[in-house]
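Enquirer: I'd like to go over a predicted model; first the sequence, then the structure.
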There are 2 protein chains.
Amino acid sequence: MAKHKGKTMNEKRRKIVLASGTFDLLHLGHVKYLEDAKKAGGEDAKLVVIVARDKTVERRKGGRPIMPEEHRRALVESLKVVDEAILGYEKFDIGTVIKELKPDVIAVGYDQKEIEKQVRKFVTHDNFPVRVVKIGKFGRDELNSSIKIKRKITESYKGQLR
Amino acid sequence: MAKHKGKTMNEKRRKIVLASGTFDLLHLGHVKYLEDAKKAGGEDAKLVVIVARDKTVERRKGGRPIMPEEHRRALVESLKVVDEAILGYEKFDIGTVIKELKPDVIAVGYDQKEIEKQVRKFVTHDNFPVRVVKIGKFGRDELNSSIKIKRKITESYKGQLR
């Protein structure tokens, strides 16, 4: 292979896109969010997904997820669109994650207002060269949120499960 | 490319493995079942998954799945291990499916006793050249069955969702 000064085409670093979430009860809305996230990094981007730890979810939402963290992580990594899924820190700090993974793009979901705020604050304050991309909601369907799925299950299965 | 009599190495037909299920509330047990199914077809097998129609599930289990059929199909097809996911016939008949898709291997899950019976009956009766492989249960975990996940959700969210 011909060598050039600096990087050759093949050695060009793939853009890293960072996405995150709890991914309890995986649904099509999650997949669409991840697909749009990857697209935001252009062709051949690498999609790394941070999956929230059980303890982080418990602290934020007052209850543990239905699926344990290692199941949630492995399920997310088994998706075609995902290159790597890793568990977050128990004490989640987006600044540490950004410094460590050096993403080119951070994709925040329509329902991740708190994470978006933290990311924008860190990026502006540290003047970090990362693009923040907001991903829209997928469809109007009632089954694009874990909480709605849980509600539907609870209503459908009320008497049936005893 | 050198031509041989009959098929060349590159033209060799990939073995087709057929798996099936409802896949309502996708969990790691589903992924492990599909991974083991694909392995049963050897290297480079093509995994085709039949996803049960809403009406078929309703007729068999007395209630519709939580996730509509097209969501379940698309989610299954978004898994790395799956080459193609297709919706079943509303009036499910394994014989028709086998004749149409001509699988080399049919993988039945540990909880698919009725499908296994139908497959074995068809294969024996028609002397169809297909290998039936039974896939074991993944782990002892309580979260490898949709019904158990639904029960856990119902119990966790009883008061919380009003």
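Expert: That came in fine, so what should we check first?
Enquirer: Counting neighbours, what do you get for the residue nearest to A:Ala74 when sequence neighbours are not counted?
Expert: Excluding its sequence neighbours, the residue lying closest to A:Ala74 (Cβ to Cβ, 6 or more residues apart in numbering or on different chains) is B:Leu28, at 5.7 Å. From N, CA and C alone the C-beta is placed, and that goes for glycine too. Residues contacting B:Leu28 under the criterion other Cβ atoms under 10 Å in any protein chain shown number 21.
Enquirer: A:Lys91 too?
Expert: Count around A:Lys91 with other Cβ under 10 Å applied: 10.
Enquirer: Check what pLDDT it gets.
Expert: Predicted confidence (pLDDT) for A:Lys91: 75.
Enquirer: Could you measure from it over to chain B?
Expert: 24 Å (Cβ to the nearest Cβ, to the nearest Å).
Enquirer: Contacts only, for that residue.
Expert: A:Thr56 (Cβ atoms under 8 Å, 6 or more residues apart in numbering or on different chains).
Enquirer: Quickly find the element holding it.
Expert: Assigning secondary structure by DSSP states H and E places A:Lys91 outside every helix and strand.
Enquirer: next one: A:Ile86
Expert: Going by DSSP H and E, A:Ile86 is in strand A:84-87.
Enquirer: Next: A:Ala19.
Expert: A:Ala19 belongs to strand A:16-21, assigned by DSSP H and E.
Enquirer: returning to what we had before: so the residue nearest to A:Ala74 sits against B:Ile149, correct?
Expert: No. In this structure, B:Leu28 is not within contact of B:Ile149 by Cβ atoms under 8 Å, at 10.9 Å.
Enquirer: so what's the residue nearest the centre of chain A up against?
Expert: For chain A, A:Ser20 is the residue whose C-alpha lies nearest the centre (Cα atoms, centre = their mean; 2.1 Å). With contacts defined as Cβ under 8 Å, 6+ apart, A:Ser20 is in contact with A:Val49, A:Ile50, A:Val51, A:Ala52, A:Gly88, A:Val108, A:Gln112, A:Ile115.
Enquirer: again, 6 Å this time
Expert: Contact partners of A:Ser20, counting by Cβ atoms under 6 Å, 6 or more residues apart in numbering or on different chains, are A:Ile50.
Enquirer: Okay, it and A:Phe138: tell me how far apart.
Expert: 17 Å (Cβ to Cβ, to the nearest Å).
Enquirer: tell me the pLDDT at the residue nearest to A:Lys102 when sequence neighbours are not counted?
Expert: Closest residue in space to A:Lys102, ignoring its immediate chain neighbours: A:Ile16 at 6.8 Å, by Cβ to Cβ, 6+ apart. Here, the pLDDT recorded for A:Ile16 equals 97.
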